[in-house]
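>>> Fold the following for me, if possible:
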Amino acid sequence: MLKFKGSQHLRQRLICATLSGKAIRIEGIRERDQNPGLRDYEACLLRLIEKVTDGCVIEINETGTSLRYKPGLVTGGSGLTHDCGKSRSIGYFLEPLVCLALFGKKPLTISLHGITNDAVDPGVDVWQQVTLPLIRQLAGIEKDELQMKVYKRGAPPGGGGEVHLSVPVARSLPPISLIEEGMVKSVRGVAYALRVAPAAANRMVDGSRGVLNELLADVRVFTDHRSGAEAGSSPGYGLTLVAQTTTDRLISAQAIAPPAAKGQQGQKDVVVPEDIGRITAHALFEEISRGGICDSTHQGLVLLFCALGPEELNEVRLGPLTPHAVRTLRHLKAVLGVTFSVKPQAASNTIFLSCIGAGVKNMSKRVS
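Numbering: from 1, shown residues only. Here you go, the predicted model:
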């Protein structure tokens with residue numbers, strides 16, 4: 001049994017443990033905090049894993065500071081429903097769900113309820129426009145097989161969003177070779193406004209275009225204004241921008257208006273829509289300047305797929321590694337036994353990473 005300490009990187013630990021079939025034990029989970037133990041969204045993630053697997057064993061001590069996880073078989077299934085709560089957005093649950101479902105016995109169709117966009121996790125727009133196309137490329141999946149539809153949006157703190165996800169099964173992953181960055185040729189985006197005036201979305205578009213059009217002509221930002229049941233339970237607005245390069249790489253950035261707490265309307269920290277547009281545009285420029293074939297949010301996901309890939313050379317080019325990506329490399333070595341070769345490229349300020357994959361295969365899928 002592999003042993004870990006602390007609460008960081010719980011999702012990647014569970015993914016690697018499940019796909020490798022190795023039991024893990026995590027101790028010292030926030031034991032020094034005023035509120036020690038697992039958070040409610042982490043317990044919600046464990047319940048979600050129980051729904052899509054068969055035979056897994058989860059043991060948590062009374063204080064929640066120790067977790068023992070023995071993986072089961074990923075089964076997938078259709079017609080599933082899961083409430084993701086209001087502590088973290090649906091994006092927090094999508095990454096482990098998709099990674100596990102690809103190695104399931106049956107294709108997965110599930111309805112997720114909760115917050116669709118927040119300031120912590122990638123929102124549903126990032127998932128639709130960047131993450132899912134990236135996973136399709138990494139896993140060799142057709143566009144119509146891996147899909148996500150947003151029926152209701154939900155802003156924090158009330159949530160109320162609804163997302164339907166369909167994930168096919170794969171026998172194994174193809175070798176990965178993503179080393180060409182390319183130059184940015186266009187920017188696309190979505191400005192959404194929930195339970196506020198429709199003008200808020202247009203003002204975010206104006207704010208972002210005022211920055212983007214100084215450097216690029218091909219900029220299109222669409223608006224998505226919703227009211228009633230489709231707008232969730234709380235007002236809010238935000239913007240997602242995606243840059244596409246000449247080699248079809250996708251780089252994203254997002255920003256949302258911070259939710260107003262009770263009794264704090266009119267405070268100085270309120271962000272107007274034009275500022276959201278400018279903040280998102282500058283965040284996109286920052287991601288582009290980092291270089292690499294993906295933005296900083298997706299570094300860990302790309303490294304995970306490289307490690308899960310076939311027992312041959314898998315190579316990618318990334319920008320400066322984030323702390324999340326560095327911890328991912330450590331966990332991939334500890335659980336899967338995969339070591340990456342890291343070569344900084346001074347000329348392009350990027351990092352070339354390569355590895356021999358673990359050759360993880362879907363043992364549940366029948367050989368045709």
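>>> rest of the way, CA atoms for contacts and neighbours
Fine.
>>> what about Arg249, how many residues close to it?
By other Cα atoms under 10 Å, the residues close to Arg249 number 22.
>>> In the stretch 1-150 of the chain, what residue spans correspond to strands?
Taking DSSP state E, counting those that start in this stretch, the strands of the stretch 1-150 of the chain run over residues 2-5, 24-27, 53-54, 57-60, 67-70, 73-74, 77-83, 108-114, 147-152.
>>> Can you list the low-confidence ranges for the stretch 251-368 of the chain?
Within the stretch 251-368 of the chain, the ranges that satisfy pLDDT under 70 run 260-270, 365-368.
>>> just the helices in it please.
273-290, 299-308, 323-331 (DSSP state H, counting those that start in this stretch).
>>> Same question for the stretch 51-200 of the chain.
With DSSP H, counting those that start in this stretch as the criterion, the stretch 51-200 of the chain has helices spanning 90-101, 124-126, 132-139, 199-212.
>>> Just send these back as a markdown table, with mean pLDDT and distance to Val190 too.
Shown next, in a markdown table, are the helices of the stretch 51-200 of the chain (pLDDT from 0 to 100; distance: least, Cα to Cα, whole Å):
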| stretch | mean pLDDT | distance to Val190 |
| --- | --- | --- |
| helix 90-101 | 96 | 17 |
| helix 124-126 | 97 | 7 |
| helix 132-139 | 95 | 16 |
| helix 199-212 | 96 | 9 |
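>>> now those helices as a markdown table including distance to Phe222?
Listed next are those as a markdown table, based on distance: least, Cα to Cα, whole Å:
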| stretch | distance to Phe222 |
| --- | --- |
| helix 90-101 | 21 |
| helix 124-126 | 12 |
| helix 132-139 | 19 |
| helix 199-212 | 8 |
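>>> Among those helices, which comes closest to Gln345?
Judged by Cα to Cα, the one of the helices of the stretch 51-200 of the chain that comes nearest to Gln345 is helix 132-139, at 23.1 Å.
>>> list the buried ones in that closest one?
Using 16 or more other Cα atoms under 10 Å as the burial criterion, the residues of helix 132-139 that qualify are Leu132, Pro133, Leu134, Ile135, Arg136, Leu138, Ala139.
>>> and which of those is nearest Glu286?
For the buried residues of helix 132-139, the nearest to Glu286 is Leu134 (20.1 Å; Cα to Cα).
>>> give the contact list for the closest one.
Counting by Cα atoms under 8 Å, 6 or more residues apart in numbering, Leu134 makes contact with nothing.
>>> Count the neighbours of Arg32 for me.
For Arg32, using other Cα under 10 Å, the count is 10.
>>> Please tell me how far it sits from Gln8.
14 Å (Cα to Cα, to the nearest Å).
>>> Many thanks, we can stop here.
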